[in-house]
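>>> need coordinates for the below:
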Amino acid sequence: ESALNIIETFDLSFSYHTDNENKNIFENLNLKIRRNDRIGIIGANGSGKSTLVKILQGIYPPKKGKIKFGENVNIKYFDQNKQSINLNKTPWSTLVENGDHVDFMSEKIHILSYLKRFLFDEKKCLQSNSTLSGGEKVRLLLAKTFLKKHNFLILDEPTNDLDFDTLNLLKVTIKNYDGTVLIISHDRFFLDNTVEKLLVFENNNRISKHEGNFSDYYKKFGLEKLKIVNNNVKNKTLNKKIITKKFINKK
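So this is what the prediction gives:
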């Protein structure tokens, strides 16, 4: 059974020092991430979601506890850093320096056929990246992401500002992905379509594990248990309102 675990954490805790006090982010997290798990991470902004995925990648060390990695775990972290796209290149030259084929899932595919999967027509493949819309840049980043070999995909707020076509493409791509997926998102509909388990940042520095998607969790608990980040009462109310609005009204 342990061979199926790609990441296991033991009493993992993280805190940082601010204004002469220690700020605890989470405590005593025992977690098993298994091959082909589809996990969503939810919580208020600033609750520590991105920090957690950086610790799980080994970018930040935990303050306490330890992490055990399975064999051959190859992590790819995807965020919408559109700055990483070279505006002087074209979608074609972004993916292929020389030649006209790419290696995708162990097969050679013509670059135009591959980019077509990411909703680029031939004309667009040859235009400067500077002419691409925000959604098209994200699609190009996705196309680039899936050319690399990896078996554990971490997506940090992948749905921000996506157009409808790119959102649908992302759902299908995740569904067909042969590996483990971890997604930080506020978009309840996206989570309902992509994940089967949740890690929830709750009060008292607890990360709770929940079987099922966001709607399952919401039916059981609402948003009452979600960690509130700000300290004064006005901000607490505001934070709760923002997160409720984000989760519930997102269409």
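
>>> so how far is the first residue of stretch 42-52 from its last?
For stretch 42-52, the first-to-last residue distance is 11 Å (C-alpha to C-alpha, to the nearest Å).

>>> and the nearest residue to Asn160 once chain neighbours are set aside, how far from Lys123?
Leaving aside its chain neighbours, Asn160 sits nearest to Gln80 (6.1 Å; criterion: C-beta to C-beta, 6 or more residues apart in numbering). From N, CA and C alone the C-beta is placed, and that goes for glycine too. Gln80 is 24 Å from Lys123, where distance means C-beta to C-beta, to the nearest Å.

>>> ok so, going back, now do the residue nearest to Asn160 against Lys137, distance only.
Using C-beta to C-beta, we find Gln80 at a distance of 8 Å from Lys137.

>>> follow-up on the earlier one: and the residue nearest to Asn160, what is it in contact with?
With contact taken as C-beta atoms under 8 Å, 6 or more residues apart in numbering, Gln80 is in contact with Val138, Leu141, Glu157, Pro158, Asn160, Asp161.

>>> and if you look at Ala143?
Ala143 makes contacts with Pro91, Leu95, Tyr114, Leu115, Arg117, Phe118, Phe120, as judged by C-beta under 8 Å, 6+ apart.

>>> redo these as CSV? Include distance to Asp187 and pLDDT.
Output for these, formatted as CSV (distance: C-beta to C-beta, whole Å; pLDDT from 0 to 100):
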residue, distance to Asp187, pLDDT
Pro91, 26, 97
Leu95, 27, 95
Tyr114, 27, 95
Leu115, 26, 96
Arg117, 23, 91
Phe118, 20, 93
Phe120, 24, 96
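
>>> just the ones of those residues in helices?
In helices, judged by DSSP state H, the following of the contacts of Ala143 are found: Pro91, Leu95, Tyr114, Leu115, Arg117.

>>> for the residue nearest to Asn160, helix, strand, or coil?
Three-state call for Gln80 (DSSP: H, G, I helix; E, B strand; the rest coil): coil.

>>> try Asp103
Secondary structure, three-state DSSP: Asp103 is strand.

>>> can you get me a residue count around it?
11 (other C-beta atoms under 10 Å).

>>> how about Leu155?
Neighbour count of Leu155, defined by other C-beta under 10 Å: 25.

>>> OK, contacts around it?
So Leu155 contacts Phe78, Asp79, Ile174, Val181, Leu182, Ile183, Ile184, Ser185 (C-beta under 8 Å, 6+ apart).

>>> swap in Leu182?
With C-beta under 8 Å, 6+ apart, Leu182 has these contacts: Ile33, Asp37, Ile39, Ile41, Val53, Leu56, Phe152, Leu153, Ile154, Leu155.

>>> how about Asn213?
Neighbouring residues of Asn213 by C-beta under 8 Å, 6+ apart: Gly40, Leu191, Asp192, Val195, Glu196, Leu198.

>>> against Glu21, how distant is it?
36 Å.
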